[in-house]
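# Sequence and predicted structure below; questions after.
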Amino acid sequence: MKLMTCNSNKSLSNEIASILKLPLTDATIKKFADEEMFVEINENVRGQDVYVIQSTSKPANDHLIELLICIDALKRASAKQITAVIPYFGYARQDRKPGPRTPISAKLVANLITTSGANRVLTIDLHAGQIQGFFDIPVDNLYAAPILVNDIKKNYPLENTIITSPDVGGVVRARYIANKLDINLAIVDKRREKANTSEVLNIIGDVENKDCILIDDIVDTAGTLSNAADALIAEGAKSVSAYVTHGVLSEPALDRLKNSKLKELVTTNTINEFSNESSNKIRRLSIAPLIAEAVKRIDNFSSVSSLFN
C-alpha cells in the first residue's frame, strides 16, 4: 500500500500518513507557466495499491484536474489499484437539474474520476447520498457523525442541549446525531429564494432556554447558519452552536460568523484551513483517524460499514 497526496490538503495527508506509519509517495505536482498541470511520480508504484488524497475544494477546478492527472499518472505507471480519497467532494450540490438546460455536474465529475482510472472512491458525508450511484466503481461514503457526537458529549451538558436541523432537508442527518445522543430534535423551517441566500420562517420544536446545536454537512457563505441562529435566539434559545462536516467558508462567511449570534462553529479538516481564518468562533476537529482506519480496512478487505455500528 502507498499513500499519495495532491496539493489541496497536505496537512490532512501528513496526519493520515503518520497514523498509518507510511511515508507519502514522492511525486512532483506543479504548474507550467501557462497554468497547465504537470505530475511526475518519482518512485516505483508498479503493482501497488495507491490511495490518492485530494479534496476538490476551492479552487475546485484546479484541484479536480490535479486529482485526475495524478490518477492517470498512477495508471500509466502500472499501479495495481487506485483509490481516490476525496474527503470533500466538490460539485456535490449540483446533483440534479434545478431547471431546464442545466447540467448534473456531480455526475460529470463522477464520470471523469472513473474514466481517469480510479478503481474506488472514499469520501466523507456526501451532500446527497444518491451521488454514490453516479459512479460505476465502488464508493465508500464515511460519516463524520461519530467524531461530532464525541465532541458534543465532551463540551455540552446533554440535559439542556437540543439538536437542531437548519432546514427540512437536513433532518435525517440531525436526527441521527440526536438519536446517538438520546436528546430532542428541533427544525428550522427555511425557504431559499435564490442561490447563497436564505430566509428563516419558523422553528419547529421547543428551544426556550436550551443550548441549540445546529447540524449540517456544508457551511459555505454561512447565511443559513447565521439566520438560523438569529431565529433560535429570537425564540428564546440560551445559546446556539453549529457542527458542520465541511467548512467551505466562502466570502462573506467569516464576517457573517463574526457578527452572528453563533457561540462557535465546529467543523472538520476535510478542507484545509485558510490563512485568513482567524475567527475565535471556529474550531476544527481532525477527520484523519477516521480516514486512516477506513484505508486500513479497505486494504485488509475488512468491513468499512462496521465503523458506524
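Nice, thanks for sending it over. These numbers were taken from a predicted model, which means no experiment stands behind them.

# For the stretch 201-309 of the chain, just list every one of the strands.
211-219, 239-247, 265-268, 282-285 (DSSP state E, counting those that start in this stretch).

# Compare those strands and report which one is nearest to F308.
With CB to CB as the measure, strand 239-247 is the member of the strands of the stretch 201-309 of the chain nearest F308 (14.0 Å). Heads up, the C-betas are built off the backbone N, CA and C, glycines and all.

# chain center to the closest one: distance?
Here strand 239-247 is found 13 Å from its chain centre; the criterion is CA atoms, centre = their mean, to the nearest Å.

# angle of it against strand 211-219?
20 degrees (axes from the mean of the first three to the mean of the last three CA atoms, to 10 degrees).

# about what we covered before: how about JSON lines for the strands of the stretch 201-309 of the chain, with mean neighbour count and distance to N150 added?
Formatted as JSON lines, the strands of the stretch 201-309 of the chain follow (neighbours: other CB atoms under 10 Å; distance: least, CB to CB, whole Å):
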{"stretch": "strand 211-219", "mean neighbour count": "24", "distance to N150": "13"}
{"stretch": "strand 239-247", "mean neighbour count": "25", "distance to N150": "11"}
{"stretch": "strand 265-268", "mean neighbour count": "24", "distance to N150": "11"}
{"stretch": "strand 282-285", "mean neighbour count": "17", "distance to N150": "9"}
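
# Looking at those strands, which is nearest to A229?
Of all these, strand 239-247 comes closest under CB to CB, at 4.2 Å.

# I'd like the mean pLDDT over the closest one, please.
For strand 239-247, mean pLDDT is 97.

# which secondary structure elements does it contact?
Judged by 3 or more CB pairs under 8 Å, 6 or more residues apart in numbering; DSSP states H and E, strand 239-247 is in contact with helix 145-155, strand 211-219, helix 223-234, strand 265-268.

# again, only using 6 Å
Strand 239-247 sits against strand 211-219, helix 223-234, strand 265-268, with contacts defined as 3 or more CB pairs under 6 Å, 6 or more residues apart in numbering; DSSP states H and E.

# need the least confident one among these, by mean pLDDT.
Minimum mean pLDDT among the helices and strands packed on strand 239-247: helix 223-234, a mean of 92.

# For Y156, the count of nearby residues, please.
By other CB atoms under 10 Å, the residues close to Y156 number 16.

# Against Q130, how distant is the residue nearest to L20 when sequence neighbours are not counted?
Distances taken as CB to CB, 6 or more residues apart in numbering put A292 closest to L20, at 5.2 Å, once the chain neighbours are dropped. Distance of A292 to Q130, computed by CB to CB, to the nearest Å: 27 Å.

# When these two are compared, which one has more neighbours?
A292 (19 against 12).
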